[in-house]
Every structure is written in structure tokens, then in C-alpha cells.
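*Asks:* need a 3D model of the following:
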Amino acid sequence: MRTFLLLLAFGTLVAPLQAASGAKFPYEATIDAEAVYVRSGSGKQYYPTGKLRRGDKVVVHRHDPGGWFMIAPPAGSFSWVLGKHVQKTAATRGTITTNNVIVRVGSFESDIREVWQRKLAQDDVVRILDEKMLAPEQGTGPAEVWYRIEPPRGEWRWIEGQAVAPSPRGERKPAQDPFEAPIASDFSSAPRRSSPPVQPIDDDSPSFKRPLADSQDREYVAGDSASEARPEGSLWTRPLVRKKMKSTGAKLAARKHDSILAELDRLDARFQSILEKSPLEWDFDQLENDYQDLRSETDSANLQQMIDSRLARIAGYKKTRSEEQDLALMQDETARRDAELAEIQRRQEAQLLTLARPRFDGAGIIGRAALNRRGAPRYVLLNASGRVLAYLVPSPGVNLEPWVGRAAGVDGPRTPNPDLKSDLITVNRLTPVRLTP
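*Replies:* This is a model prediction of the structure:
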């Protein structure tokens with residue numbers, strides 16, 4: 001009976017929306033904006049789960065008040081489930097081990113997981129994308145294993161309808177302000193006030209953890225009675241005039257929120273341009289200060305967590321840059337030492353060549369040549385047995401006559417002479433030597 005009543009309530013709320021827009025759900029639509037955030041609920045108070053760009057395709061399942069479209073989770077979407085409730089059956093598959101396991105909506109910006117829509121039952125199968133050690137949501141206790149999984153069936157995402165190109169079937173987009181376009185109701189002829197987004201409900205009904213205006217978090221869970229489904233202070237119970245009195249402040253807050261997101265996009269672009277350089281050229285100091293200044297401008301825990309995730313990445317890249325700098329210094333020092341060692345080796349090789357080179361160009365006993373033809377050399381270099389080693393011609397200023405009959409080492413150019421059938425040495429210097437037998 002409970003399930004029937006809740007489904008009936010859901011049908012009475014959604015049917016007028018479909019009738020008002022003339023849409024036939026679901027239908028495929030195209031993003032017609034430069035960039036648009038995909039959110040975990042139908043409002044900017046819900047944290048982003050991803051980002052779509054112009055030309056991306058989405059499947060629209062419902063038009064909600066306030067101009068929000070409920071869509072199937074786009075590619076890249078994921079959810080979180082606590083690892084202790086999953087039994088891995090393969091590298092990318094797991095089975096739920098108990099009933100009423102809450103699935104949390106994941107965000108591409110950070111590890112935030114406040115919103116949940118679905119509960120899984122025992123033996124349900126999930127597709128595992130990744131796993132990570134995360135601190136408990138209450139902030140106390142040791143870290144636990146969480147599995148990043150493919151969003152289960154019946155989990156949704158929301159985008160602003162104004163970012164979607166007009167449907168080829170002619171559906172019109174709902175008004176941005178739900179109070180400007182009252183929805184007809186079967187219960188009253190008076191204009192119906194806007195309500196929070198309603199999900200298809202069964203015994204495992206989804207819940208939303210919705211950020212309230214006073215920044216306090218409270219979980220709205222569909223129950224058996226109207227009082228449970230309509231918490232005190234929500235739009236279900238507030239007079240229309242009270243909502244309009246707060247609309248100006250809400251719009252200002254939304255503008256500030258959008259302004260911070262726009263500035264965050266600009267800082268992200270600077271972040272990307274820095275990463276395109278060599279790690280040794282990375283300079284994150286000013287960017288880090290700008291992120292910190294932007295964080296101080298917002299009281300939104302979601303935005304602060306988004307900025308904190310970027311500051312954490314900067315800290316990681318700073319560590320990488322430091323390691324790269326240490327490596328570069330080590331490489332420079334190694335290159336310098338290699339150059340020094342190469343110079344030492346070159347000098348040693350030169351010394352070895354000098355030692356290996358003969359001390360003289362010739363060595364023996366200086367004698368007079370026995371050649372009688374004109375222009376023939378007058379001196380000869382003989383070994384101890386009298387054999388001719390080379391003929392000698394003195395350089396200008398060198399007198400060989402006093403050296404006749406003496407052992408000497410001869411320095412000077414030595415060239416073969418075919419006419420003499422021996423080498424000819426032009427003597428530049430003579431040094432007394434002792435010949436070995």
C-alpha cells in the first residue's frame with residue numbers, strides 16, 4: 001500500500017510536467033552551450049558531477065521545475081559504494097553482500113559523496129571502475145575502501161535546460177522560475193507551488209541529502225506520511241509570498257556562485273597552461289595564491305572542496321617539480337664530473353703516447369760516408385757492427401765533424417732516400433748516448 005501511494009504521488013507530480021512541455025520521454029538532446037555542469041540534483045546547490053560541452057549528447061528523462069532537466073548519467077559518470085559491502089568476483093565486477101546498501105553520487109571535482117539516490121540489495125551486481133581509500137564522511141575513524149562504480153539503474157543527473165538545444169520534436173523548455181509557470185494540479189485549482197525533484201519510489205526508495213539555505217545538511221527520505229515527505233520549512237509548506245521575499249537573496253547567492261565557478265574555470269585554464277611546459281619551468285606560486293583567495297570568498301563546502309582538490313594537485317606537482325630539479329642538478333653534476341674525467345683521461349693518453357714515442361729519430365755511431373759522388377752526404381749513422389742505419393745531413397749551424405766516432409742520438413726529420421737506398425736524416429740536434437750491445 002505504501003509503495004502504491006508513493007508511486008501515485010510521483011505520477012500526479014510528473015504527469016503535469018510532461019503535459020505542460022508536450023515532451024515524449026525519454027528523448028536525446030544536444031548540448032548547445034560552451035560548457036555546462038552536470039549536477040547531482042536539480043539546483044545549483046547540488047555539487048557538480050561532471051561537465052558537458054557543446055555538441056555532447058544527453059538522454060532527457062524529465063523536465064523539472066526551475067528549468068532543470070533530469071538526464072541519464074553521461075559518459076564518465078560514476079558512483080561510490082563502501083567496499084565492505086561488495087564481494088569482488090572479477091577485476092571489474094562485484095556482488096553486493098547485504099541489503100539496503102547506499103550508493104553515493106560521485107563528482108569529477110573531488111571525493112565528495114553527500115548525495116545518494118539508490119540503495120542496492122543483496123546479490124545485486126556492480127561494475128567496478130576503481131577503488132580508493134577514503135576517510136569516513138563524518139571525518140573520524142580510519143580510512144576505508146570505497147569502490148568507484150558505474151551508476152546503477154535508476155540513478156540520475158541534472159543539467160540546466162537552457163543549455164540544451166531545442167528538441168527536434170518541438171518540446172519547449174520550462175520557465176526558469178517555477179512561480180512564473182504554475183503547474184496544474186488535480187488536488188487544487190490554485191497555482192501549485194514548486195517542489196523538490198521527485199524520483200520514482202519503491203520499497204528501496206532513493207533519498208537526497210540536500211544542502212539547506214542555512215548551510216545545515218539534512219537527509220530527506222520519502223516516508224509513509226505527508227509530514228515525512230514534506231519537512232518543515234520546505235517549499236511544500238511555505239507560503240508563496242515568503243518564497244518571493246527570499247528570491248532576491250537567493251538570486252544574489254546564485255550569481256556569486258556562478259561568478260566563483262567562472263573564476264575557477266579561468267584558474268583551471270592557467271593551471272593547464274602551466275602543465276604544458278617542462279616540469280623545470282613550472283611556477284605554481286601565484287596560481288596557488290589565487291586558488292586560496294577564491295576559496296576564502298565562498299562559504300560553500302562543495303566549492304571549497306573543489307578548490308581544495310586543485311590545491312592538493314598543485315602540492316603533488318610541486319613535489320614532482322622538486323624531484324625534477326634534484327634530478328637536473330644531479331645530471332649537471334654528473335656531466336661536469338664526466339667532463340673532468342674525460343680531460344684527465346686525455347692527458348694520460350697524451351703522456352702515454354709521448355712515452356711510447358722513440359726518444360730520438362736515430363741513434364748510433366757518427367761516421368764519415370764512403371760515397372765519392374758529388375753532392376752525396378758526408379756523414380753516416382752506423383750501428384756497433386758498422387752497418388749503415390741512415391745518412392746524415394747537418395742543418396744550418398750544426399757541425400757533425402766533432403761527433404765523428406762518437407755514439408749519439410740524432411733528432412731531425414727522417415725520410416727514405418731511394419738513391420741512397422737508406423733513410424736520410426736532417427740533423428737538428430745531437431745528444432751523447434750509450435749504446436746497448
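*Asks:* can you report phi and psi for I96?
*Replies:* Backbone torsions of I96, given as degrees, to the nearest 10, read phi -70, psi 130.
*Asks:* residue contacts, it?
*Replies:* Contacts for I96 were tallied using Cβ atoms under 8 Å, 6 or more residues apart in numbering; they are V81, H85, V86, Q87, L120, A121, Q122, D123, D124, V125, V126. In this view, the C-beta of every residue, glycine as well, is placed from N, C-alpha and C.
*Asks:* once you drop chain neighbours, what's closest to the second one?
*Replies:* Put plainly, it is H85. Closest residue to H85 apart from its sequence neighbours, by Cβ to Cβ, 6 or more residues apart in numbering: V101 at 4.5 Å.
*Asks:* count of neighbours near that neighbour?
*Replies:* 20 (other Cβ atoms under 10 Å).
*Asks:* quick one: average confidence on the host helix or strand of Q272?
*Replies:* Assigned by DSSP states H and E, Q272 belongs to helix 240-275. For helix 240-275, mean pLDDT rounds to 75.
*Asks:* after that helix, next one along is what?
*Replies:* Counting by DSSP H and E, the next helix or strand C-terminal to helix 240-275 is helix 285-296.
*Asks:* with just CA atoms, put the longest strand anywhere in the chain into CSV.
*Replies:* Longest strand in the chain, counting residues (DSSP state E): strand 125-134. Extracted in CSV, the C-alpha atoms of strand 125-134 (Å, rounded to 0.1, in the frame of the first residue of the first chain):
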residue,chain,number,x,y,z
VAL,A,125,25.9,-6.9,-9.4
VAL,A,126,28.0,-3.7,-9.8
ARG,A,127,30.7,-2.8,-12.4
ILE,A,128,33.8,-1.6,-10.6
LEU,A,129,35.8,1.2,-12.2
ASP,A,130,38.4,1.9,-9.5
GLU,A,131,39.0,1.8,-5.7
LYS,A,132,40.3,4.3,-3.3
MET,A,133,41.0,4.7,0.5
LEU,A,134,38.7,7.5,1.7
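*Asks:* that one: which residues count as buried?
*Replies:* V126, I128 (16 or more other Cβ atoms under 10 Å).
*Asks:* partners of that strand in the sheet?
*Replies:* Strand 125-134 sits in its sheet next to strand 93-96 (antiparallel), strand 144-149 (antiparallel), going by DSSP bridges.
*Asks:* among the ones you listed, which comes closest to E343?
*Replies:* When these are compared by Cβ to Cβ, strand 144-149 sits nearest E343, at 57.1 Å.
*Asks:* contact partners of that closest one?
*Replies:* Outside strand 144-149, the residues that reach it (Cβ under 8 Å, 6+ apart) are 78-84, 86, 94, 103, 106, 113, 126-136.
*Asks:* again, 7 Å this time
*Replies:* By Cβ atoms under 7 Å, 6 or more residues apart in numbering, the residues outside strand 144-149 that reach it are 78-84, 86, 94, 106, 126-134, 136.
*Asks:* ok, stretch 150-164 next?
*Replies:* 29, 31-33, 36, 38-42, 49, 52, 58, 61, 63, 67-71, 73-74, 77-79, 103, 117-118, 120, 126-127, 129, 173-174, 200.
*Asks:* so which of the residues you listed belong to helices?
*Replies:* In helices, judged by DSSP state H, none of the contacts of stretch 150-164 are found.
*Asks:* pretty sure T92 is touching V126, no?
*Replies:* No. The pair T92 / V126 is not scored as a contact, 9.6 Å apart, by Cβ atoms under 7 Å.
*Asks:* now do the contacts for L430.
*Replies:* By Cβ under 7 Å, 6+ apart, L430 lies in contact with W403, A408, V410.
*Asks:* so the closest residue to A363 other than its chain neighbours: helix, strand or coil?
*Replies:* Counting by Cβ to Cβ, 6+ apart, A363 lies nearest to G409, which is 4.5 Å off, once chain neighbours are set aside. Classification of G409 by DSSP: H, G, I helix; E, B strand; the rest coil places it in strand.
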